[in-house]
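J.: here is a sequence with its predicted model. Questions after.
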Amino acid sequence: MRHILLLTATAAITGSAIYVFNDMAKPPETKTTAEKTHNACVMRTIFNEPQKNVDLKAYMEEFRKGKIDSSINTGKQWLLSTQATNGGWGAGTNARQDITDPSKVQLDPASTSMALMALLRLGERTEGTANSDAVTKAMNFLLKSVEQSPDNALNITTLTGTQPQVKLGQNIDVILTSQCLTNIMHQLNDNNPMYGRIKNAVQKCVTKIQKAQDTNGATKGGGWAPVLQSAFAVNALELAEANDIMVDSVKLAEARYYQKQNFTAGTASTADAAGVMLYSVSGNARATAKETRKVKEVLKKAKAEGKISDDKAITSQNLQAAGLSVNESEELVTTYKMNGYANNQAQQKDVLTGFGNNGGEEFVSFLLTGESLIIGGQDEWIKWYENTSTILANIQNKNGSWQGHHCITSPVFCTATCLLILGIDKDLAQYEKISIKK
């Protein structure tokens, strides 16, 4: 088994400014109204240089030519070849991490969700694509898991001790399934005969996720690195909300607040991150991404209306001039600084190393960082992608899979996560939808 050190990774952002954060107020009791008007322009700069007439799709296609495209194609084919006849995938148990043959492990919703989300991101659909049958079978596997689960159960499977559960959290199956099914719902119109069934399943998942939320905003049953399960819970709730699923706004605010609490005076707490800085900062960055985007959009609109002169000055005074309250303005400024610090730290070489080699949690953390940069409207996501995709292409196994060397070692889970990273730009429309949703 080869151990590939991430010490060779090139940090995508230079500088190491440490922000001192004010004590945060408790999350608001009511949902804050965001501006619906949004002129999205994800691609603003490349290599931090202004590029006026850059076609993002063409640029990414050109960059991926060769090694990255090859990694994606071989990884996708390997993943498809390991799907079980009933549509599921499995990661295996934490007690038997040595079993890496996908055909010799039990199937679980978390791994199936990650695999299906990877296929969806790479262009597969329930109808009309080369692997629609695989997508449909996986979707039905997940729907059956949700529909057969008791209403009072927090999870959608009776399996325990799986690698994703032990390392990410006991309720990770329902969280990832919610996110996966919402992605499918997003692709269908409400006239599709499957739309209602999928929407009902997502609503059931969201209810379970909210029931599993503890008083501090964390998701109960946290595993070895519970901050990651809670970060995925924020993902699932935000995505569901963006697709018109009923989400308790207070619960979502509390979930974000939990992630923010991992920072005190510019220092990341790793108590809920297995002592690993990467997990903590990537989770925080993802949880604060939407609010970071809101700051930018509010100030941009205020400048266009002549209320402020500089929309780059992220200050409480400017946000108040834009029409926000004193408390909300101060909290958003703090959140914005947190997000910048977290994204910066998540890409530093000493943080990227994690445990010194690659486990599924490292791959998950890379994914959360990328999503944060895109949703938060951070220009440097292109550089992040170039660096991260190059790292992943260099550590791919010859058969097309990726495998963890500690904790989540499952090649299914790791391959699916790496494919989600490599295809992250293909879901920009969905990220934009999350960004502008109330």
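T.: That came through fine.
J.: quickly find the element holding the residue nearest to residue 196 when sequence neighbours are not counted.
T.: Nearest residue to residue 196, sequence neighbours excluded (CB to CB, 6 or more residues apart in numbering): residue 190, at 7.7 Å. No exception for glycine: its C-beta is placed from N, CA and C like everyone else's. Remark: residue 190 resides in no helix or strand, with elements defined by DSSP states H and E.
J.: give me the neighbour count for residue 190.
T.: Residue 190: 9 surrounding residues under other CB atoms under 10 Å.
J.: please apply the same query to residue 256.
T.: Other residues close to residue 256 by other CB under 10 Å number 25.
J.: that one is in what secondary structure piece?
T.: Assigned by DSSP H and E, residue 256 belongs to helix 249-260.
J.: and that helix, what's buried?
T.: Neighbour-count burial for helix 249-260, with 16 or more other CB atoms under 10 Å as criterion, is recorded at 249, 251, 252, 253, 254, 255, 256, 257, 258, 259, 260.
J.: mean confidence score for that helix?
T.: Mean pLDDT, helix 249-260: 84.
J.: and stretch 330-345, by the same measure?
T.: 73.
J.: repeat for stretch 399-408
T.: In this model, stretch 399-408 has a mean pLDDT of 82.
J.: stretch 103-119 now?
T.: Mean predicted confidence for stretch 103-119 is 96.
J.: same question, stretch 310-318
T.: For stretch 310-318, mean pLDDT rounds to 87.
J.: how long is it end to end?
T.: Across stretch 310-318, the terminal residues are separated by 8 Å (CA to CA, to the nearest Å).
J.: over to stretch 315-326?
T.: 11 Å.
J.: buried stuff in that stretch?
T.: So stretch 315-326, judged by 16+ other CB under 10 Å, has buried residues 316, 318, 319, 320, 322, 324.
J.: same thing with stretch 59-72?
T.: Neighbour counts over stretch 59-72 (16+ other CB under 10 Å) mark 60, 63, 64, 68, 71, 72 as buried.
J.: and which of those residues is nearest to residue 397?
T.: Distance to residue 397 across the buried residues of stretch 59-72 (CB to CB) is lowest for residue 71, with 10.5 Å.
J.: export the helix or strand containing residue 363 as CSV, just CAs?
T.: Using DSSP H and E, residue 363 sits in helix 360-375. Only the C-alpha atoms of helix 360-375 are listed here, as CSV (Å, rounded to 0.1, in the frame of the first residue of the first chain):
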residue,chain,number,x,y,z
GLY,A,360,-11.5,9.6,3.2
GLU,A,361,-11.8,12.5,5.7
GLU,A,362,-9.1,14.4,3.9
PHE,A,363,-10.9,14.0,0.6
VAL,A,364,-14.2,15.1,2.2
SER,A,365,-12.4,18.2,3.6
PHE,A,366,-11.0,19.1,0.2
LEU,A,367,-14.6,18.9,-1.2
LEU,A,368,-16.0,21.1,1.6
THR,A,369,-13.3,23.7,0.9
GLY,A,370,-14.0,23.8,-2.8
GLU,A,371,-17.8,24.2,-2.2
SER,A,372,-17.1,27.0,0.3
LEU,A,373,-15.0,28.9,-2.2
ILE,A,374,-17.6,28.6,-4.9
ILE,A,375,-20.7,29.4,-2.8
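J.: any idea of the mean pLDDT in it?
T.: 78.
J.: for stretch 144-153, output the C-alpha coordinates as CSV.
T.: Taking C-alpha atoms only, stretch 144-153 is exported to CSV below (Å, rounded to 0.1, in the frame of the first residue of the first chain):
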residue,chain,number,x,y,z
LYS,A,144,-36.4,2.3,-0.6
SER,A,145,-34.0,3.0,2.4
VAL,A,146,-35.8,6.2,3.2
GLU,A,147,-39.4,5.0,2.7
GLN,A,148,-38.9,1.8,4.8
SER,A,149,-37.3,3.7,7.7
PRO,A,150,-39.6,4.3,10.7
ASP,A,151,-40.6,7.9,11.2
ASN,A,152,-39.2,8.0,14.7
ALA,A,153,-35.8,6.7,13.7
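J.: return the set of buried residues in it.
T.: Applying 16+ other CB under 10 Å to stretch 144-153 flags 144, 145, 146, 149 as buried.
J.: list the contacts of the second one.
T.: If a contact means CB atoms under 8 Å, 6 or more residues apart in numbering, then residue 145 has 109, 156, 157, 173, 177 as its contacts.
J.: at 7 Å instead, please
T.: 109, 156, 157, 177 (CB atoms under 7 Å, 6 or more residues apart in numbering).
J.: helix or strand next in line after the host helix or strand of the last one, which one?
T.: Spelled out, that is residue 177. Using DSSP H and E, the element containing residue 177 is helix 172-187. Going down the chain from helix 172-187, the next helix or strand is helix 195-211, by DSSP H and E.
J.: and the helix or strand just after that next one, what other elements does it pack with?
T.: The helix or strand immediately downstream of helix 195-211 is helix 226-242, counting by DSSP H and E. Counting contacts by 3 or more CB pairs under 7 Å, 6 or more residues apart in numbering; DSSP states H and E, helix 226-242 is packed against helix 172-187, helix 195-211, helix 249-260, helix 277-287, helix 360-375, helix 428-436.
J.: just those: most buried one?
T.: Neighbour counts (mean count of other CB atoms under 10 Å) averaged over each of those peak at helix 277-287, with a mean of 30.
J.: could you pull up the mean pLDDT of it?
T.: 59.
J.: same thing with stretch 175-195?
T.: Stretch 175-195 comes out at a mean pLDDT of 91.
J.: with stretch 55-74 instead?
T.: For stretch 55-74, the per-residue pLDDT averages 88.
J.: now the end-to-end length of it.
T.: 27 Å.
J.: make 862 the first number, not 1, from now on.
T.: Sure, I'll start numbering at 862, so the last one becomes stretch 916-935.
J.: and that stretch, how far out from the chain middle?
T.: From the chain centre to the centre of stretch 916-935 is a distance of 21 Å (CA atoms, centre = their mean, to the nearest Å).
J.: dump the buried residues of stretch 1176-1187 to JSON lines, plus secondary structure.
T.: What follows is these, written out as JSON lines (DSSP: H, G, I helix; E, B strand; the rest coil):
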{"residue": "1177", "secondary structure": "helix"}
{"residue": "1179", "secondary structure": "helix"}
{"residue": "1180", "secondary structure": "helix"}
{"residue": "1181", "secondary structure": "helix"}
{"residue": "1183", "secondary structure": "coil"}
{"residue": "1185", "secondary structure": "coil"}
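J.: next, format the helices and strands packed on helix 1087-1103 as JSON lines and append distance to residue 1242.
T.: Shown next, in JSON lines, are the helices and strands packed on helix 1087-1103 (distance: least, CB to CB, whole Å):
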{"stretch": "helix 1033-1048", "distance to residue 1242": "20"}
{"stretch": "helix 1056-1072", "distance to residue 1242": "27"}
{"stretch": "helix 1110-1121", "distance to residue 1242": "19"}
{"stretch": "helix 1138-1148", "distance to residue 1242": "11"}
{"stretch": "helix 1221-1236", "distance to residue 1242": "4"}
{"stretch": "helix 1289-1297", "distance to residue 1242": "10"}
